[in-house]
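J.: Fold the stuff below for me.
(one chain, ligands or ions: 2)
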Amino acid sequence: MKEQQDLAIFLEHVTKSFGEKHVLRDVSLPICKGEAVCLLGRSGTGKSVTLKLMISLLKPDQGHVWIGKEDISRLERDDLSRVRRRIGFLFQSGALFDSLNLHDNLALPMIRMTDKSKPEIEETVHQVLSEVGLANDGQTMPADLSGGMRKRAGLARALALEPEILLVDEPSSGLDAITASEIDELLLHRKIQERTTLVIVTHDPHGARRIGDRFAVLEQGSLIAFGTAQELEEHRNQVVRNLMAEC
Ligand SMILES: Nc1ncnc2c1ncn2[C@@H]1O[C@H](COP(=O)(O)OP(=O)(O)OP(=O)(O)O)[C@@H](O)[C@H]1O
Ligand SMILES: [Mg+2]
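T.: Ligands and ions are numbered 1, 2, ... in the order given. Below is the predicted model:
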């Protein structure tokens with residue numbers, strides 16, 4: 001296993017329950033700097049919960065969530081904000097501010113969290129909206145966007161902050177095949193050009209194969225496999241082999 005200094009994210013023996021419902025059981029997942037890990041598993045197995053733990057929107061009941069050398073689950077206020085600034089997050093729903101148009105949805109986090117000048121912010125907004133194919137939609141309100149457009153807008157907002165770590169929850173769900181593969185290219189570009197660490201929850205086998213360096217499989221709250229495509233294709237567990245066969 002890699003030394004901890006090579007790790008961007010390290011879930012260490014993480015357990016998470018909601019009341020009686022045990023969602024994650026003793027999950028350990030080391031993710032290296034600059035690698036892309038795809039998180040696979042059936043609906044309700046805890047993939048979104050895992051991403052939310054990585055940015056401390058949820059806290060583990062037991063275990064640690066390391067971002068570099070810092071246990072994000074134990075940080076508060078200013079320290080938490082400082083570490084979160086390094087992380088971009090695309091929610092499964094897109095999670096835009098409904099009262100702001102697209103342009104302002106992107107500009108607001110940059111105004112709050114960076115020391116970019118107004119012209120720099122304008123340029124970044126234009127650049128990332130173009131990257132996700134929404135260059136002409138800056139003035140559009142979220143309510144007037146399709147589901148796929150919301151998703152792309154959410155991704156644009158995460159990209160605008162140039163995060164070291166990008167956590168994306170089902171980036172291509174609700175998108176047509178062409179747009180989905182454009183989003184895959186965009187993520188791949190960030191990984192290669194910026195060495196961004198990516199954690200991608202996906203049900204899209206084609207995209208997973210294209211982007212993922214390693215694949216983590218959750219099943220009933222346990223991490224049942226973690227490895228390269230080839231390793232998982234040869235895995236002893238049939239569930240894992242079936243999942244990879246779909247990829
Ligand atoms: N805040 C919460 N309070 C209570 N239960 C929750 C909460 N968040 C998630 N859960 C439960 O945890 C389980 C895992 O949810 P999660 O959203 O991580 O699933 P998922 O693997 O992302 O599924 P999908 O593929 O459908 O998005 C579900 O049973 C869900 O109901
Ligand atoms: Mg989910």
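J.: and P119, how many neighbours?
T.: Neighbour count for P119, taken as other C-beta atoms under 10 Å: 8. (C-beta placed from N, C-alpha, C; glycine too.)
J.: can you check the one 4 residues further on too?
T.: Here the neighbour count serves as a burial measure; for E123 (other C-beta under 10 Å) it reads 12.
J.: Show residues contacting the helix or strand harbouring it.
T.: If you go by DSSP states H and E, E123 is part of helix 118-131. The contact list for helix 118-131 (C-beta atoms under 8 Å, 6 or more residues apart in numbering) reads 102-103, 106-107, 110-111, 114, 116, 135, 137-138, 156-157, 159-160, 186.
J.: Give me the helices and strands touching the helix or strand following that helix, please.
T.: Following helix 118-131 in sequence order, the next helix or strand is helix 147-160 (DSSP H and E). Applying 3 or more C-beta pairs under 8 Å, 6 or more residues apart in numbering; DSSP states H and E, one finds that helix 147-160 makes contact with strand 87-90, helix 102-113, helix 118-131, strand 165-169, helix 177-194.
J.: Quickly list what the closest residue to A158 other than its chain neighbours is bridged to.
T.: With C-beta to C-beta, 6 or more residues apart in numbering as the criterion, A158 has its nearest non-adjacent residue at 3.4 Å, and that residue is G88. On the basis of DSSP bridges, G88 is bridged to L166.
J.: Can you report how many residues lie near G88?
T.: Neighbour count of G88, defined by other C-beta under 10 Å: 25.
J.: Contacts only, for it.
T.: 158-159, 161, 163, 165-167.
J.: H22 too?
T.: 15, 221.
J.: can you do 10 Å?
T.: H22 makes contact with 15-16, 46, 61, 220-222, according to C-beta atoms under 10 Å, 6 or more residues apart in numbering.
J.: Pretty sure it sits in a strand.
T.: Yes - H22 sits within a strand when classified using DSSP: H, G, I helix; E, B strand; the rest coil.
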